[in-house]
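>>> Could you look at this predicted model? Sequence included:
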Amino acid sequence: KNDVAFKRIFGSEDNKDILIHFLNDMLVFKNKALITDITYLPTIQDPDIASQKTSIVDVLCVDKDDNRYIVEMQVAKSSGFEKRAQYYAAKAYSSQAKVGSAYGHLKEVVFIAIADYVLFPDKKAIKSDHVILDRDTHEHDLKDFSFTFLELPKFKKGENDLQHLDDKIEKWCYFFKYAEDIDPGILQTILDQHTIMEKAMKALIRYNWREDDLLCYDEAEKRRNDYESSMIQKFEEGKLAEKFDIARNLMAMNLDEALILQSTGLSQGELDSLKR
């Protein structure tokens, strides 16, 4: 889930066959032919107007028909990520328009996100596909945008379930969730029927990496650890502030100090600090 590792597997020319397999496994193509080749595009989408936001995605590519695919790994829970997904897709769509050209040439944009947290708590499915439908008839007239989300926490299977992974989606979920800790021998259970993951696993072996990749990887891990630590600290500070508020209310009611300590879980020192 590390940005550097993710881009090394899915965003490098040497490994583009991994991305092609992943796209074909993830997407519902119906009557469309499977993707056979892709071309990577710059992941920084510059704004047309200076005051607009620059968008940076993890992976951006096009297929032979010039349809665009955005692939994002989202580890930290982010408010408004669904809106950001739509913004990225809209940016990739509008960037195709050239001055004086007709709108008819604009191609489809597909956004795929692998989220390491629950995006849609009311949905039970691990994977959800979103398209634009007519509200009354549910006809799919506007076909150029689709969004696919893979929510890893909803995947509950572990090592004992390797023999019973139902489909390719579950195998990718297993890979994303446990790749860092998978024993190569155990992984063979998956590889027997899904050999592209063997290449994905080899791309993760860091002794094959260049020194600058390793440095970037370590820096990304540090940022993630710092973020998680700051979130824990903020959570703990929030819990303490809530206890202080309760204690103040109880003190205003002139309740016994021992009862306040028992009710709030504050230490004597913390309670004394409120009296100063």
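Looks like it arrived, so ask away. Keep in mind that what you see is a predicted model, and the values were worked out from it rather than measured.

>>> What residues are recorded as beta-bridge partners of the residue nearest to the spatial centre of the chain?
Nearest to the mean C-alpha position of the chain, counting by C-alpha atoms, centre = their mean, stands residue 74 at 2.4 Å. Judged by DSSP bridges, the bridge partners of residue 74 are residue 115.

>>> which residues touch it?
By C-beta atoms under 8 Å, 6 or more residues apart in numbering, the residues touching residue 74 are 81, 113-117. Where C-beta positions appear, they are placed from N, C-alpha and C, glycine not excepted.

>>> mind checking how far it is from residue 94?
Separation of residue 74 from residue 94 (C-beta to C-beta, to the nearest Å): 23 Å.

>>> now residue 22
Taking C-beta to C-beta, one finds residue 22 at 26 Å from residue 94.

>>> More neighbours: which of those two?
residue 22 (24 against 12; other C-beta atoms under 10 Å).

>>> Quick check: the more buried one vs residue 197, distance?
10 Å.

>>> what's the answer for residue 8, then?
The value you get for residue 8 to residue 197, if C-beta to C-beta is used, is 15 Å.

>>> just residue 236 next, same as before
Per C-beta to C-beta, residue 236 is found 39 Å from residue 197.

>>> Looking at those two, which is more packed in?
Set residue 236 next to residue 197 and count neighbours by other C-beta under 10 Å: residue 197 wins out with 22 against 10.

>>> who does the strand or helix carrying residue 128 pair up with?
Per DSSP states H and E, residue 128 falls inside strand 127-131. Note on strand 127-131: by DSSP bridges, its sheet partners are strand 145-151 (antiparallel).

>>> Output the contacting helices and strands for the helix or strand where residue 22 lies.
Per DSSP H and E: residue 22 is located in helix 16-26. Helices and strands touching helix 16-26, by 3 or more C-beta pairs under 8 Å, 6 or more residues apart in numbering; DSSP states H and E, are helix 3-10, strand 38-40, strand 59-63, strand 68-74, strand 109-115, helix 168-178, helix 196-204.

>>> out of those, nearest to residue 151?
Proximity to residue 151 (C-beta to C-beta) singles out strand 109-115 among the helices and strands packed on helix 16-26, at 5.3 Å.

>>> what packs against that closest one?
helix 16-26, strand 68-74, helix 81-94, strand 145-151.

>>> So which of the ones you listed is the most surrounded?
strand 68-74 (a mean of 22; mean count of other C-beta atoms under 10 Å).

>>> Output the below-cut-off pLDDT ranges for the stretch 51-200 of the chain.
Applying pLDDT under 70 to the stretch 51-200 of the chain flags the ranges 51-56, 99-100, 184-194.

>>> Could you check how many residues crowd around residue 177?
Residue 177 has 19 nearby residues by other C-beta under 10 Å.

>>> And residue 275, how far from residue 266?
For residue 275 relative to residue 266 (C-beta to C-beta), the value is 12 Å.

>>> Between the two, point out the one with more neighbours.
Neighbours per residue (other C-beta under 10 Å) separate residue 275 from residue 266, with residue 266 holding more: 19 against 8.

>>> Could you check how far the closest residue to that one other than its chain neighbours is from residue 249?
The spatial neighbour of residue 266 that comes closest, neighbours along the chain excluded (C-beta to C-beta, 6 or more residues apart in numbering), is residue 243 at 5.5 Å. Distance, residue 243 to residue 249, by C-beta to C-beta: 11 Å.

>>> More neighbours: which of the two?
In this view residue 243 and residue 249 are compared by other C-beta under 10 Å, and residue 243 has more residues nearby, 18 against 12.
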